[in-house]
Each structure stands twice: as structure tokens, then as C-alpha cells.
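Asks: I need the structure of the sequence given here:
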Amino acid sequence: MRCNQCDFEGPDGMKFCGNCGQGLQQNCQSCGFENPAGFKFCGQCAQSLEATKNLSGVSKVSELKPELSKAEEASADTELFFGNHEAERRQITVLFCDIVGSSAISEKLDPEDFREVLRDYRESCNTVIKKYDGYIAQFLGDGVLCYFGYPHAHEDDAHRAVAAALELLTNIQLLCKKVEQNRGVSLSVRIGAHTGLVVVGEVGGGDKRTVALGATPNLAARIQDQARPDSVVISAATQRLISSAFECEDMGVFDLKGFSAPVRLHQPIRAYPNPHKLADELCLDSLPLVGRDQELKLLIGLLNEANEERGQVALVSGEPGMGKSRLINAAKSGIDSTHYFLLECWGRAYYQNSYMHPIIELLRREMYIEGAQSERQKLRRIEKVLSVFGLPLGDSIPLIADLLNVDLSGSKYSSLRLAPPQNKQKTFQALESLIIAMSGQRTVVIVVEDLHWIDPSSLEFLNLIIQRASATRILLMLSYRNEFTPAWGNQSGITHLMLTRLNQQDTFTLINKIAGDKPLPKELLKQIAEKTDGTPYFIEETTRMVLESDLVIENNDRYELRRPLSSLSIPSTLRDSLMAKIDRLGPAKELAQLSSTLGREFAVELLEAVTSRGEGQLHEDLTQLVVADIIDPLGQSFFSFRHALIHEVAYRSLLKSTRQKFHRRIATILREKFPELVNENPEIQAHHCTEAGQLEEAVFQWLSAAKRAMQRSANIEAIVHLTRGLETLGRVKVADESLSTEEESANSNRHQFIASLELAFQSSLGLALMMSKGYAAPGVELAYSRARELCKGISDVGTVFPVLCGLWGFYLVRSKMDTALDLASQLKSLAEVSGNTKYIDEANRAMGSTLFWVGRFPEAWTVLTESGQKINSQEAISGRRTPSYTQDTRVANLSDEACVLQLRGYPDKALEKAIESLHLADKMAHPFSQAYARHFVCCVSQLRGDLGSVLKQAKLQIALAGSYEFSFWRSAGKMFEAYANECFGHGSDNVALYEEALNSYCDSGNQLASAYFRTLFAGLLFDQGDLDRARQVNNEALIQIESSGERWFQVEAMRINAMLYWRGDNQLLKAEQAYEETLDFARRQGANFLIMRVAIDLGQLWIAQNKDDEARQLLRTTLDDVAEGYKTQDYRNATRLLAQLETEPA
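Replies: Have a look, this model is predicted:
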């Protein structure tokens, strides 16, 4: 038995590979499905695997004929992929017809007479079914099982089935009269039909019958049971397809035996005389440009604007099939290489999570970089392009070469060795500079199609170009489907073009163009227009189908009908239409299906390797697919399926087991012949291995793809890869669970191996989620909690520490302070036992930060100061710094120190620390560290009363967080921005904006500092005079403080509470008591800076109570304790109030 994981050949009967320990799959001799180890019955067809165990070896060519030459092996491979399809998946309409009371009839008739009745009945069925090109699968006694849509699909198979059923009723009624006259018995039938997905083909195991398997035939039989004698009943699924062609009666909802969900049934009564179908299904694009004159004129106008250095962006959207690509192609037709640079790229479904894939392909194409070139030749191509546009080669080439995976070894250039976020940022800047330089020479037209399949990093880069386009000679034409929501809104210079359906006149024009400007009969033209309802692709497909059918005949200058129009069949669903298109390919159909497993876009070189077919034969088959409008050439060596849904229908028509074989072959070829592609885009290999059932290799490739993405700060892509990897790992676990207890105990090391893999995924997922969605995103806790569970029994600090660190960050941001303190203590203990200075630094920072948030300022200051000194000492020795798991350790330590210094009464030193932290983060160009540092600069500036700094840093924070999807920091930045604007008196909706950001902040699970932001909000509401809301919000803050233990800003919440007693309720004594309690708490906490605020308020209260001496004494004492921060707003307010008291007589 051959192992799918390592290709090791072992003896028959083995359950595990003797080389790598992988569970061996068992091939079912009936259907060919590869079952996981331990299965006793086939999971695909239920055939006993034990019965065929002795034959398990004969399915392999290498075992039957070990002497095969290489040429013969290639031929065997070809046979595996061509001409060996026993079955396929497709949508069909199943019709089941049964005689009512056949047992009673057989009792009344002589067996020979009953045989003749049954023969006449079957002949009648056969005649009608053949008329509508149906397929009689089986005669089951007095029942007839028919398929519409197999072996050849039609555009209107559901229509054909219902029409056949109604005609059957008519014919059977005629037969009934004959039988009643001749035999004296009454004959009637019941007919049921349902449309759905099946697997259809030979059953196997010696049974040569063609049978459709799945729920659809069973449901059709159950539906038939509900029909009254001499009537037809259909499911809702079928009724939706024929509703405009047939009058139907709604019979209601039925519970059918064997089916869990109730089914709505309908009874077709008659066909409409003039059927009308509103075609609302999705479709694709590839049409002559008709009915888009205004849109084209607008695009040309935007191009002229761009020529005048007024850059423009055109967003072309619409349903699939509205002609987006045709419109853009028409706009491009006037673009020549003398006056314009045309840059084009496309989003692809397979690559929507591959870092910068469309940009990389664009650069390679424009720089003429090919895989066969040497690294020196590739480098020269890059040099040539960058030199033409005057870019500094020393700075730009290492970045572009790294992006294009060009090796710099042996050249005069060397890698810049930047941190991944900084490398990504610098690469974006280099590409942006290149495009801007190009626009200085000629107008640059950038076309990006299918934005809905573009990877997040490419979208991020595209956003930078859009922001720069307005004052340049750049036109961007971007297309996308309606499900994609662009982030650019209605900004200046951005034009939205939404394509809608064609009107009737444009529809007629398009039909005539497809027909080669040869007129169609008016009634046919009108019915096509009605059937297609202005959707361009439906118009195209329906017209072509009519022209290819025997309904019309082509004369010299026009088309004429062959027969009455009532027999016209028009495509009613896209799936049926496309399946019919694929069925018409003949032998080339199998190549289309195989090509679909490579993806919508595929390389000829890879396809040739996978098929093992000769170059000449492959070229001939590909040419046939091009002529049939299935695929389009992309240059000399690539092809693409013309439409995404043609690709999908071709792929979904394959059996899962066949797909699995194809994917396994592709994965092997990629591994052996295209290792550079696997290395550059491991997610592609991961996809093929996953679909091939090579699950363990797939798991490793998903993990590799995720790590590669995270190294490039492509965290959204990483989350996709990690999620797919965990799903695949789950399948590995399910396969392992099927093993017996003895086998499990013998392979306990395998369980540990699987656990270690899951730990790597969960810890990486927690980090990626934290970086992109925020610390407290729900998935973070799930990932890290699972990782922590997996850590039990693992003594390796390097494995456990990052998991605990992630959990600490999660519970801290959830403001679960007791848990956070406990985890910080565990981190310190773990780090001290390990002796690893990096872990010790991180653990100390975690402890100091937690102590700060809970309001234990002296302890926090001690830990953070010692930690900072140690980190600086280590940097002096090593000369470098290691980033933390989210933000850099030193950046975080400095930011936390700044806040503690501020609250302890050292605002100038605090500002120095905060600025130092920000400069350090900027120097590192580590986006998450920059966001962290900037947040605390905002916080320190707010406490100082420096609103200008708050507003400036908040705006920068919002932009940074938006670029990198840091939702946590974006919401905080928006609150700081609204707060500063309100204090400045800028705008009238700041309170609403603040509340919106606060709700977003809390809704995402973020609770850390929510009491702080609520307290600020209460202050804004108080200043607006909304005392009830202010009291409500401040009470929420106090409740949050008590429930969480996050007490660092408790003094301010207590101060506002006292202020509300005084200013809001005029309860002077209660206010005085509250202020004194606040002052006492602040002194015990060591919050010296906030003491000044309380002293100012209490002093003003005492002045109102004619207690000037007490007020004077309090302010003098408070100000005497101030050592710095003389420019802060609170210090100025206190000195002003004291001066007022000093000038007044005692």
C-alpha cells in the first residue's frame, strides 16, 4: 500500500505507513473513493471494504506492471485523467411516474393481459420522454424513473420535465380509455418531480446501470406519493424554474417520510400560452458593448481629466454579467502606448489571500521577468525599469527584488534587512514612487478588475495610490461585484458607475449583433428579450443557444423559424445553461474539468505536467476550449476560464473522489516540478493538498502560508490561512479517532504531535486576531484558551510563554484585572525559572502594566522602572531589540511609565517618556507599536490639557489604525478626536461621534480604559448641560471600576460624581463629603496629579460656602507639593484660583 503523505510503498494490509506513521487510506473497489484508515465501509457508496481487501493492490499500475516504461507510465497517468469518468455531479430534474393501484389491476387481469397493459404504458412513457430528450433510467415494475439533464444538459430541463409530465397524463388518459374498453379496468397514474444535485453514472460493483444517487430521486418518489390520481406534483425547487411557463397550484407544505424538513409542493395545471420568464439569476460578462454609451463617455471624460493632471478614480460595479469588463475594454481602446502607460491586473479567487499577488504579477509582466531567466537577468530587468523613471536603485531594488522573489546574491545590492512591517511600508513607498514617476512622463491608466478577489494588502496599496491620484496624471478604473463594498465612498475625484440591465431597444440591438446583424423573426426576438429581461449575459447565452439549435435556419440575410415558436426552449437557470455549454465540448469536456481543478487561471506548463499529454494534443484541445468560449488565453503561457461561474460549474460537475485524485496529482507535480511556486505561495499547495486528502502536508502548508503572511503584516490573510489549517487539522483528528483503542495507545506520540500542531495554529491565530481585530476580539480568547489547554503537560517555556502572554493581554483588555494579575505572576515565575532575559523583560512589563491599570502606582513605578533599566542594559550589550508578541516591549514599557509618571505628579517626565516611546516605535516602523505609543501620547496629552496635541495624535492614530485594521486603536482615536474637537468648539456632532466610537469600542469586547472613556464622556455631557446623561454615564464608569478592579482613573470618576452633587443637584454638603472622600482616596493611591483637580473643585465649593481660608490652605498645600508640570492646564487653573484668593481680603 502506498502512503499518500510520503509516497512510501508498504505491504498490503497495513494500517499505518512504516515510514512516516500516516494512517493509510483504503481505496473502495466499487467507486474508487479513498477512505480514511479504519473505515470498514466506504464513506461514499457504503460498499464493504473488508470484502475487497484482497483486491486492494491491483488498482495500482505500478503493482500490476512493475516493468512499465516511463512512456507507459505516462500513458497510464493519462488514462487516469481522461476517459475514465464513471460518474459526475450535476443538477437534474428527476421525474417519477407510477400506476395507481397496480396490484389491484394485476388481480383483475390475466398475467399476459397485464403484461400487455404494462408494455403499452411503458411505450407511451418512452415516446413522451424521448420527445423531450429525457432519459429513462429504470422501469421499476409499474414505475418509471426519468432524468432530465442527463446525459446531456439543456437550458430548460425543468420545463421539459413538467411538459413531459403533463403530456404523459394526456397520453395515459387515452391509454386508460383503451384499457377500460378492452380490459374492463381503470388505469391512472401519479407523477412527481424534483430538481436538485445528484451524482449520476454507473453504480459500480458489476452493476452497469446508470443511476442518480442522492436525496433528489428519493424526494421525487416521495412527492409522487402525494399526487392525486392523474395529476402531477412538483417541489418548490422545480416550480421556481418553471413558474413563468406553467400555471401552478400551491398545495401547501408536507412532511415527507424520510426527510427532516417539510417540503412545499405545487401542482402544474397547464402551460401558459405565451410564457414569460423574468431571468433574475446571476450571469457573467463577455458581450459586445451595447447600451453603455453614457458610461463610456463618462470614462473617456475622466481620462481627459487625468490628462490635465486632475487624477480620477472610476468605480465600475454591477451584478455578474452586466458587462463591466466590456465597458472597461472599450474605454481602453483609445489608449495608445505613445501617450499612456497602461497597467492592468486582476483579482483571482485562488489568490485572494496571497500577499500582493496581482501587483506582483503586474510587475513581472511589465518588467518581462520570467521563471526561465537567471537571477542576474531578472535583476537587470528591474534595474532598467527603475532607471528609466529615475528611482534610486540602492533603495528601491532590494525592496522590489524581495517582492518579486529575485535573489540578490552575487549582485552589488544587499537586502535592507528591515522588520516585516517596515519592509512592507517601504515597498509600498517604492511602488508608489514608481507610479508617480511614470505619471510625470505620460498619463498612467491603472485597471484593476474583480476587486472582490483582491488580497487585503493589495487593497491597502491601492488605497495609497487613490489618495495620491488627485493631483497627478493617473486614472484608475476599478471593477467589482455588488457584494464588494469600497472604502472610498464619495470622495472628490471618485466616480461610481453602477451598471444595470439593458432596455428593450438595446436588448434587440445586442441580439442582432450576436446573430451577426442578421435579423431574427420578430416573435423570436421579442420572446428572447422577455426571457432575458435585459441581462446581457442571458441575452448572449439564450441567443447563441437558439442559433445553435434546430429551431432556426440561417438563410442568406436572415434567420427563419423551422417550426412553431411554441416549442422554443430558453435557458431558465445559469447552471443549466453553463452545464449544457460544457456538455457540448465532447472529449474536450474532460480537459475543461481537469483544468478547473487548477483554478480559474492556470499555466499551460502546469496543465501539461498534470495531464501527461503531448504538447500537440494539449494545444489542440485548448484551442477547442478557446473556440467554444470556455477559456481565454492570457499571453503565451496562461489561460483563464472566461467566466468564474463556468469555471465553478466545470469543477463542481466532477465527483468528489475524482476531484481528490486530480488535486493529488497537482500537489505532487507542484511539489516535484514547481518548488519555487510552492515556496512563494504555500497557500496554493495547501489548497490542493487539502482537496486531495493529503491532510498533514496541507496542515504544514497552511501554517507556512500564515507565517509568511504575518511576516508581511498581512494579518487578515494569515487569519484565513490559519482558519483553513485548523479545519484541515480537524479532519486529521477525525480520521485518527476512527482508530481502535489499541492503535491509539500505540500511537500516543502521534496525539502529542497533533496537539503541538494545533498549539502552533491556535497561538498564531490568537496573535493575528489580536493584531487585526483588537485585543478583546471574541476569537482571541477562544484561540488562546484552547492553546492554554494544549499547553498542559508541556514544560517548554518557549511554547507556553507566548500563550500565557496572549491570554494576559486578552484578559487585561477585557478588564479582568484579577485574572490578568494572576497571569502576570505566572509569566514572571515562568520567565525567572527559564532565565531568559527576553521573557523576564516581557513578564516584568506585563506585571508593571497590570499594576498601573489597577491603580497601584508606586508598585507599578518600581517594576516598570527596573524593567526599563534592564531592557536598556540588554540593548547596550546586544545592540538590538526583540519585538514583543504585539507591541515592542520597550515601547510598551515607556508608554506605561509615562502614564504612571503623569498620575504620580510628574507630567513633564511623563511627556518625555511618551514622546520617547513614540519616536522609538516610529524608528522601528512597527505599526502595532506605533499605535500603542500614539495612544498613550493622546492619553498623557489629555491629562495635561494639551488639546492640540490630542487632536493631532488622534488623527494620525485613526489613519494608522485604518490602514492596518487595528479596530481597538481606531475606536480610541475617534474618541480622542471627538473629545478634542468638542473642547475646542469645532463642529456640532462631536458628542454623538464620541458615543458612536465608545459603543464600537465596547461592542468589540474592549473593556480596558472603558471607564476612563466613559468618565471623559460624562464630562462632555456635563459641559453641554445634559446632567441626567452625565450622571448615568459616570455611574456606568464607577460600576465598571468596581466590577473590574481597573482603578487608575477612579479619582476622576469620583470627582465628577461630587461635581454633579454640587453643580447638578445643589447638594453642597453631600458634594463636600464626596470631594473629601475623593481627595482621601487620591492621596492613598498616590495619584498626586489628580489631587490638584480635586483641590480646585473643593476650593471653589468652599469659596461658595464662604470658607476662603480652608480653600486657600488646601490650594497652597497642593501647589507646594508640585515639582514640575507648571504648563499643564490643571496647574494654571490652581494658581489662578489661589491668586484670586490671595488678592481678596482674608
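
Asks: okay, the nearest residue in space to residue 450 that is not next to it in sequence: pLDDT?
Replies: Leaving aside its chain neighbours, residue 450 sits nearest to residue 347 (3.7 Å; criterion: Cβ to Cβ, 6 or more residues apart in numbering). The C-beta positions use only the backbone N, C-alpha and C, and glycine is treated the same way. With respect to pLDDT, residue 347 scores 86.

Asks: and stretch 1108-1128, what's its mean pLDDT?
Replies: For stretch 1108-1128, mean pLDDT rounds to 92.

Asks: er, stretch 464-478 actually
Replies: Across stretch 464-478, the average pLDDT comes to 92.

Asks: between the two ends of it, how far is it?
Replies: 14 Å (Cα to Cα, to the nearest Å).

Asks: over to stretch 733-751?
Replies: Distance between the two ends of stretch 733-751: 9 Å, counting by Cα to Cα.

Asks: could you check the pLDDT of the residue nearest to residue 334 when sequence neighbours are not counted?
Replies: Nearest residue to residue 334 in three dimensions, chain neighbours excluded: residue 300, at 6.9 Å (Cβ to Cβ, 6+ apart). If you check residue 300, the pLDDT there is 94.

Asks: any idea how far residue 372 is from residue 300?
Replies: Distance check for residue 300 against residue 372: by Cβ to Cβ, to the nearest Å, it reads 40 Å.

Asks: ok, these two, which is more surrounded?
Replies: Taking residue 300 and residue 372 together and counting by other Cβ atoms under 10 Å, residue 300 has the greater number of neighbours (14 against 5).

Asks: how much space separates residue 803 from residue 763?
Replies: Distance, residue 803 to residue 763, by Cβ to Cβ: 5 Å.

Asks: which neighbours do these two share?
Replies: 784, 787 (Cβ atoms under 8 Å, 6 or more residues apart in numbering).

Asks: and residue 138, what element?
Replies: strand 135-140 (DSSP states H and E).

Asks: helices or strands up against that strand?
Replies: helix 111-131, strand 143-148, strand 207-213 (3 or more Cβ pairs under 8 Å, 6 or more residues apart in numbering; DSSP states H and E).

Asks: quick check: the residue nearest to the spatial centre of the chain vs residue 973, distance?
Replies: The centroid of the chain falls nearest to residue 720 when counting by Cα atoms, centre = their mean (6.7 Å). Per Cβ to Cβ, residue 720 is found 26 Å from residue 973.

Asks: residues contacting the closest residue to residue 828 other than its chain neighbours?
Replies: Once flanking residues are discounted, residue 828 sits nearest to residue 843: 4.4 Å by Cβ to Cβ, 6+ apart. Applying Cβ under 8 Å, 6+ apart to residue 843 gives the contacts 824, 827-828, 830-832.

Asks: residue 673 too?
Replies: Neighbour list for residue 673: residue 609 [criterion: Cβ under 8 Å, 6+ apart].

Asks: for it, give me the pLDDT.
Replies: What the model reports for residue 673 is a pLDDT of 89.

Asks: for residue 233, same thing?
Replies: Listed pLDDT for residue 233 reads 96.

Asks: of the helices and strands packed on strand 135-140, which is nearest residue 438?
Replies: Using Cβ to Cβ as the measure, strand 143-148 is the one of the helices and strands packed on strand 135-140 that comes nearest residue 438, at 56.4 Å.

Asks: quick one: mean pLDDT for that closest one?
Replies: Across strand 143-148, the average pLDDT comes to 91.

Asks: okay, the angle between it and strand 135-140?
Replies: Inter-element angle recorded for strand 143-148 and strand 135-140: 170 degrees (by axes from the mean of the first three to the mean of the last three Cα atoms, to 10 degrees).

Asks: flag every buried residue along the next helix or strand along the chain from strand 143-148.
Replies: Going down the chain from strand 143-148, the next helix or strand is helix 157-183, by DSSP H and E. Within helix 157-183, the residues that count as buried by 16 or more other Cβ atoms under 10 Å are 157-169, 171-172, 175-176, 179, 183.

Asks: and for stretch 658-673?
Replies: Buried-residue list, stretch 658-673, by 16+ other Cβ under 10 Å: 658-671.

Asks: before we move on, the earlier item: name the helices or strands packed onto the helix or strand harbouring the residue nearest to residue 334?
Replies: Assignment of secondary structure by DSSP H and E places residue 300 within helix 293-307. In terms of contacts (3+ Cβ pairs under 8 Å, 6+ apart), helix 293-307 is packed against strand 312-317, helix 324-332, strand 443-449, strand 474-480, strand 494-498.
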